[in-house]
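Chemist: Sequence and predicted structure below; questions after.
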Amino acid sequence: MAVLMLAAVLVAVLAGAGAQCPTPADLRVVNGTRICAELFTDDSPYYDMCCGGKSLIVDCGADVPYVPWEWSGSISSLVVGTRCQLTVWSRAGKNGKMKTFGTGAVPRLQEVRRGLFSNWNNAIRGYYCQCN
């Protein structure tokens with residue numbers, strides 16, 4: 001019985017380790033295109049388990065006023081690459097509230113305020129990403 005419990009704990013630890021947010025330096029060139037940011041659908045109350053679920057790779061210079069329907073309203077975590085900036089909007093067509101994220105990881109967008117009574121969790125509807 002103790003062996004089974006130990007195995008279950010080990011599986012849970014390894015599953016959490018796989019969902020940890022990448023560092024900005026981890027966002028490297030893919031197929032000759034520099035990665036500006038990576039967006040994720042899942043977060044967690046535990047920071048080491050954030051940046052999970054599906055991920056969307058954002059290239060430098062990507063200008064997306066309308067996030068594809070499967071991503072619209074489902075982004076919960078993000079990482080912006082080294083020397084890059086990601087500007088996001090809360091409404092399609094680059095309307096609504098705007099926020100710029102610099103280099104770094106934001107494991108829980110629900111902790112980033114968007115006005116007085118709301119946050120950026122599941123709120124991104126458009127984005128523009130640029131790198132130096």
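Modeler: Yes, it's here. Residues are numbered from 1 along each chain as shown.

Chemist: looking at this protein, which helix or strand is least sure?
Modeler: helix 2-18 (a mean of 35; mean pLDDT, DSSP states H and E).

Chemist: Following the chain past that one, name the next helix or strand.
Modeler: Counting by DSSP states H and E, the next helix or strand C-terminal to helix 2-18 is strand 35-42.

Chemist: Walk me through which strands that next one pairs with, and which way each runs.
Modeler: strand 52-59 (antiparallel), strand 77-80 (antiparallel) (DSSP bridges).

Chemist: Out of these, flag the one nearest D26.
Modeler: Closest approach to D26 among the strands paired with strand 35-42 (CB to CB): strand 77-80, 7.8 Å. Yep, even glycine has a C-beta here, placed from its N, CA and C like the rest.

Chemist: next SSE after the closest one?
Modeler: Counting by DSSP H and E, what follows strand 77-80 is strand 84-91.

Chemist: Could you pull out the buried residues of that following strand?
Modeler: By 16 or more other CB atoms under 10 Å, the buried positions in strand 84-91 come out as C84, Q85, L86, V88, W89, S90.

Chemist: Check the contact between the fifth one and A123; I expect there is one.
Modeler: Put plainly, it is W89. No: W89 sits out of contact with A123 when judged by CB atoms under 8 Å, with a separation of 9.1 Å.

Chemist: contacting residues around S72?
Modeler: Contact partners of S72, counting by CB atoms under 8 Å, 6 or more residues apart in numbering, are Y66, A92, I124, R125.

Chemist: So of the residues you listed, which two are at opposite extremes in space?
Modeler: Y66 and I124 (11.3 Å).

Chemist: so what's the one residue sitting closest to the centre of the chain up against?
Modeler: With distances taken as CA atoms, centre = their mean, L78 lies nearest the centre of the chain, 1.8 Å away. When the contact criterion is CB under 8 Å, 6+ apart, the partners of L78 are A37, E38, L39, F40, L86, F101, A105, V106, L109.

Chemist: can you redo those as CSV with pLDDT and distance to L56?
Modeler: Below are those laid out as CSV (pLDDT from 0 to 100; distance: CB to CB, whole Å):
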residue, pLDDT, distance to L56
A37, 96, 9
E38, 95, 7
L39, 95, 4
F40, 94, 8
L86, 98, 11
F101, 97, 14
A105, 94, 15
V106, 94, 14
L109, 94, 14
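
Chemist: Good, wrapping up.
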